[in-house]
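Q: Here's my sequence, what's the structure:
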Amino acid sequence: MSSLIYEGKKMKLTTDLCDEYEEDLITGSLQLLPLQFNMYGKKRQIAGEVTTIKALEDNSMVRKTLGSKGDGRILLIDGGGSRRFALMGGDLGQVAEKNSWQGVIVFGCIRDVAELSVLDVGVWALGTCPRKSIKKNSGSINENIYIENVLISSGDYCAADEDGVIISKKKLY
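A: Residues are numbered from 1 along each chain as shown. Below is the predicted model:
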């Protein structure tokens, strides 16, 4: 796999980051998301500052956030692990790419896999669902979220690749 260049530096793989920052894993300032996320976007390795969204089965806040400048950030969506609706599809993938988001990680489902696979954005999710989300303008942006007992806040840092997703309170790369 080719390495990502992030802010002018070659990004390390999540495995290398875990090896290098083992003490941070022990203290909890570096954490692994203990789930098997599937990769769907063209980018296979991402790193950046996190923006969080809590959005159960409604992607209104996802659309609003991806419509703003991403500046290389990663959108991390707490969809409650729901598999009943997709929180992102090809249209939002195009919006993310256009607005320079590094990637999107969904604790929930996505759809339009073929469309997402050719976009220059990283996409990780629990799975797919062909059903679009509901639209009630519910959800919240920049809220602390918990995914499998891992606290994630806007301003944290994330790295994701084929080996997993890690969250850090400090910049590692």
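
Q: for the most centrally placed residue in the chain, what are its contacts?
A: Nearest to the mean C-alpha position of the chain, by Cα atoms, centre = their mean, lies I105 at 2.3 Å. Applying Cβ atoms under 8 Å, 6 or more residues apart in numbering to I105 gives the contacts 33, 37, 74-77, 123-125, 158, 160, 165. For glycine as for every other residue, the C-beta is placed from the backbone atoms N, C-alpha and C.

Q: Need the mean per-residue confidence for stretch 122-137.
A: Summarised as a single mean, pLDDT over stretch 122-137 is 97.

Q: buried ones in that stretch?
A: If you call a residue buried by 16 or more other Cβ atoms under 10 Å, then stretch 122-137 has these buried ones: 122-126, 128-129, 133.

Q: after the host helix or strand of the residue nearest to the centre of the chain comes which helix or strand?
A: When secondary structure is defined using DSSP states H and E, the element that contains I105 is strand 103-110. The first helix or strand that comes after strand 103-110 along the chain, using DSSP H and E, is helix 113-116.

Q: Show me what that following helix is in contact with.
A: Contacts of helix 113-116 (Cβ under 8 Å, 6+ apart): 40-42, 88-90, 93-94, 110, 123, 128.

Q: Phi and psi next, for G89.
A: Dihedral angles phi and psi of G89 (degrees, to the nearest 10) take the values phi -140, psi -160.
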